[in-house]
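Participant: Below is the sequence, then the predicted model.
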Number of protein chains: 2
Amino acid sequence: MTQRIHDYLERTAHEAPCLVMDLERVRDNYQAFAHAMPDTRVFYAIKANPAPAILELLAELSSCFDAASVAEIRMALAAGATPDRISYSNTIKRERDIATAFDLGVRQFAFDCDAELEKIARVAPGSRVVCRLLCDGEGADWPLSKKFGCAPAMAGRLMRRAHELGLEAHGLAFHVGSQQPNPGMWDGALATCADLFRQLGEQGIEMKMVNLGGGFPARYLRDVPQVEMYGQAITGSLKRHFGNRIPQTIIEPGRGLVGDAGVIRSEIVLISKKDDDDPVRWVYLDIGKFGGLAETIDEAIRYPIRTDHDGEELAPVVLAGPTCDSVDVMYEKEPYLLPVSIEIGETVTIESTGAYTATYASNGFNGFDPLRCVCI
Amino acid sequence: MTQRIHDYLERTAHEAPCLVMDLERVRDNYQAFAHAMPDTRVFYAIKANPAPAILELLAELSSCFDAASVAEIRMALAAGATPDRISYSNTIKRERDIATAFDLGVRQFAFDCDAELEKIARVAPGSRVVCRLLCDGEGADWPLSKKFGCAPAMAGRLMRRAHELGLEAHGLAFHVGSQQPNPGMWDGALATCADLFRQLGEQGIEMKMVNLGGGFPARYLRDVPQVEMYGQAITGSLKRHFGNRIPQTIIEPGRGLVGDAGVIRSEIVLISKKDDDDPVRWVYLDIGKFGGLAETIDEAIRYPIRTDHDGEELAPVVLAGPTCDSVDVMYEKEPYLLPVSIEIGETVTIESTGAYTATYASNGFNGFDPLRCVCI
């Protein structure tokens, strides 16, 4: 937790759970990326946290934006980004949404199949298209499925077709999996990209850009490598595979920019046991899977939790949310260690919750309001 | 799909996915419960779908209400329910929320541990309390965990304590698991309840009520028994275990009242393959796990989907949602059969989606609006 968030929480009461974002930390994270990867442009993944103050700060810092929908494109524009700094990076777009984006000035679109390419050619003529490759995301804490991307040979065929359709065959994209702890994971995909650049170049199609995706981790309970390590590993791979013809690169961090900039303040609603001689304590917070902690599904992400009793004796607990829904349990298979002395009514802070919390919150399930987000 | 919903969809265009609820079907479902279990009061589980028109209809039909939060209590009151028809059935409540409910006139509270009982005794003196028992939910499609309830011996001790604290030791509650296909599943829990009624009766504490919970299924792709079957099985168990001293009973259906009364209209955004020679088609809708179909997590609930090509040749597809999130895939492990001839831009209807969809929808993830709900 940053000192600024700490001070804010000291002087501010909140009735319900609340996400507090430190904009200074977002700025620091942005600059760490800019410093570690000076030749790479940052496209912030708006979906991670679309709070207007975050978008405005990043627009001011000259960040570009990765938008998943027309609504996100409008958010970026409202925050001061020009349309040339916005990529419509969702490979799944309604044709009328592509047309609206084009009308708004957006000229860069992701795709991974024929049908999507045809939509773009019809309603966004002459635009830059970026073909997404399948990538297995091995090792990531929040792995990607085969949902996005196509096989390399198909990507080569699609880029030739894009060229024939009058589109600009701009480049390739891939994503190594969110919260990826291994900086070496970009290497294999970059080898594939370099092959495709060469093949298409021999056919007169000069691609210019590789979108390195996201995957840069936030710090939760496990230590993760610093962003510099990722920069070095990726630069090494680019040199190895592209030689002296290194393309433009962009990255689309979301979690890596805002994850550790946010803290959720929550209240302990109940502590109980299921039987008088059961050693296991159940601790129920006022926030759970439906209130913003959806990434605890399958206990994938383990957030650090601070209490007023840190440093005192610890014991394992099952940690659950406040709703009348039995799936609303965060950590049960691998119980969470919390101080024995915590009490009902006390507040706790859940750290590194700046990404994928406010936007994952349900629209009032059980009558609980969506998670509030305050930017300081 | 009901004729009324069919006619509505024929004459109405929607830009985005939309849930349409047939209030006549909700009325029919309520009356089916009233008919099948004439001695049992219905407490509608508001969390399943809190649309005001549904709450108003049920209030008019003399339904009672199971509320999970103060916000849901206020919704029921706004719909015309009197506070004596509202049970605050969440076992996890902030003390100040219990106090607010008490101020609003609510006098029935669920609990499953000492701390919660103490809160109720402090701020809702003299109220009726209902102790929830652990129940394993075996066989349910949406099983419950150990999140709610306590062991029977502990429940007996807690009810004696409730009595000492000046509360009315009103009864016991259990839940056999949502979407429970086996009408016999209530029997074991009712045997436990009858034992506790006898034990406490011998100590001068006369409990009056058993809350049979929810679990009554909606019809999705698999056939489920009719509500009459549940009524008969439960009545049989009550007679067997309570003899001629059958207590008052209540049920808390949510899905069983509104599940099959709703249909989501959705649009096919994209159909693609991951490789040119890959036989698997991916079909992407404009709604997915974050837009309201969260119950497809682990492919638990399989919704019936109708297309304009029903009756034509079928082939398996992977079905996914529209967000830039790789977990937003509904059916992949067990692919879904859809007609070969479906096309991008066509609409489909997702049936039996009246429960746990609009309330599970995220608060604008990827910029997509929460699911709209229209009651007709």
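Facilitator: Ah, there it is.
Participant: Torsion angles phi and psi at the residue lying closest to A:Gly149 once chain neighbours are set aside?
Facilitator: Nearest residue to A:Gly149, sequence neighbours excluded (CB to CB, 6 or more residues apart in numbering or on different chains): A:Leu134, at 3.8 Å. In short, each C-beta sits where N, CA and C put it, glycine included. Torsion angles at A:Leu134 (phi, psi; degrees, to the nearest 10) stand at phi -60, psi 140.
Participant: Could I get the full set of helices for chain A?
Facilitator: A:3-11, A:23-36, A:52-60, A:70-78, A:95-103, A:114-123, A:152-164, A:186-202, A:227-242, A:255-258 (DSSP state H).
Participant: To chain B, which of those lies closest?
Facilitator: With CB to the nearest CB as the measure, helix A:70-78 is the member of these nearest chain B (3.1 Å).
Participant: and that closest one with helix A:95-103, angle?
Facilitator: 10 degrees (axes from the mean of the first three to the mean of the last three CA atoms, to 10 degrees).
Participant: Same question for helix A:70-78: list its buried residues.
Facilitator: Residues of helix A:70-78 classed as buried: A:70-77 (neighbour count, 16 or more other CB atoms under 10 Å in any protein chain shown).
Participant: now the residue nearest the centre of chain A: how far from B:Asp103?
Facilitator: In chain A, the residue lying closest to the centroid (CA atoms, centre = their mean) is A:Gly254, at 3.5 Å. Counting by CB to CB, to the nearest Å, the gap from A:Gly254 to B:Asp103 is 43 Å.
Participant: residue contacts, the residue nearest to the centre of chain A?
Facilitator: Neighbour list for A:Gly254: A:44-49, A:66, A:178, A:214, A:355-356 [criterion: CB atoms under 8 Å, 6 or more residues apart in numbering or on different chains].
Participant: before we move on, the earlier item: any chance of the helices of chain A in TSV, plus distance to chain B and mean pLDDT?
Facilitator: Formatted as TSV, these follow (distance: least, CB to the nearest CB, whole Å; pLDDT from 0 to 100):
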stretch	distance to chain B	mean pLDDT
helix A:3-11	19	94
helix A:23-36	19	93
helix A:52-60	12	98
helix A:70-78	3	98
helix A:95-103	7	98
helix A:114-123	6	98
helix A:152-164	5	97
helix A:186-202	14	95
helix A:227-242	20	92
helix A:255-258	12	92
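Participant: Highest mean neighbour count across these, which stretch is it?
Facilitator: helix A:255-258 (a mean of 29; mean count of other CB atoms under 10 Å in any protein chain shown).
Participant: Now do that one: distance to the chain's middle.
Facilitator: On the basis of CA atoms, centre = their mean, to the nearest Å, helix A:255-258 sits 7 Å off its chain's mean C-alpha point.
Participant: Just the residues contacting it, thanks.
Facilitator: By CB under 8 Å, 6+ apart, the list of residues contacting helix A:255-258 reads A:21, A:26, A:29-30, A:33, A:42, A:44, A:48-49, A:54, A:58, A:178-179, A:214-218, A:227, A:354-356.
Participant: cool, and stretch A:268-280?
Facilitator: Contacts of stretch A:268-280 (CB under 8 Å, 6+ apart): A:281-286, A:316-318, A:322, A:335, A:342-348, B:91-94, B:112-116, B:134, B:146, B:149-151, B:153-154, B:157.
Participant: Now with 6 Å, please.
Facilitator: Contact partners of stretch A:268-280, identified using CB atoms under 6 Å, 6 or more residues apart in numbering or on different chains, comprise A:281-284, A:286, A:322, A:344, A:346, B:92, B:94, B:113, B:146, B:150-151, B:154.
Participant: next one: stretch A:24-44
Facilitator: For stretch A:24-44, using CB under 6 Å, 6+ apart, the contacting residues are A:2, A:54, A:58, A:61, A:63-66, A:87, A:227-228, A:231, A:249-252, A:257-258, A:261.
Participant: Below-threshold pLDDT in the stretch 251-376 of chain A: ranges please.
Facilitator: Residue ranges of the stretch 251-376 of chain A with pLDDT under 70: none are present.
Participant: For A:Gly332, which non-adjacent residue is closest in space?
Facilitator: Just so we're on the same page, residue A:332 is Glu rather than Gly. A:Val318 (4.7 Å).
Participant: In contact with that neighbour, which residues?
Facilitator: By CB under 6 Å, 6+ apart, the neighbours of A:Val318 are A:282, A:332, A:335.
Participant: likewise A:Ser89?
Facilitator: A:66, A:110.
Participant: out of everything not next to it in sequence, what's closest to A:Gly231?
Facilitator: A:Ala36 is the one closest to A:Gly231 (CB to CB, 6+ apart), at 3.5 Å.
Participant: Could you do A:Ala67 as well?
Facilitator: Closest to A:Ala67 by CB to CB, 6+ apart is A:Ile73, at 4.5 Å.
Participant: Roughly how far does the closest residue to A:Ala71 other than its chain neighbours sit from A:Arg157?
Facilitator: Distance criterion CB to CB, 6+ apart; nearest residue to A:Ala71, sequence neighbours excluded, is B:Gly367 at 3.1 Å. From B:Gly367 across to A:Arg157, the span is 31 Å (CB to CB).
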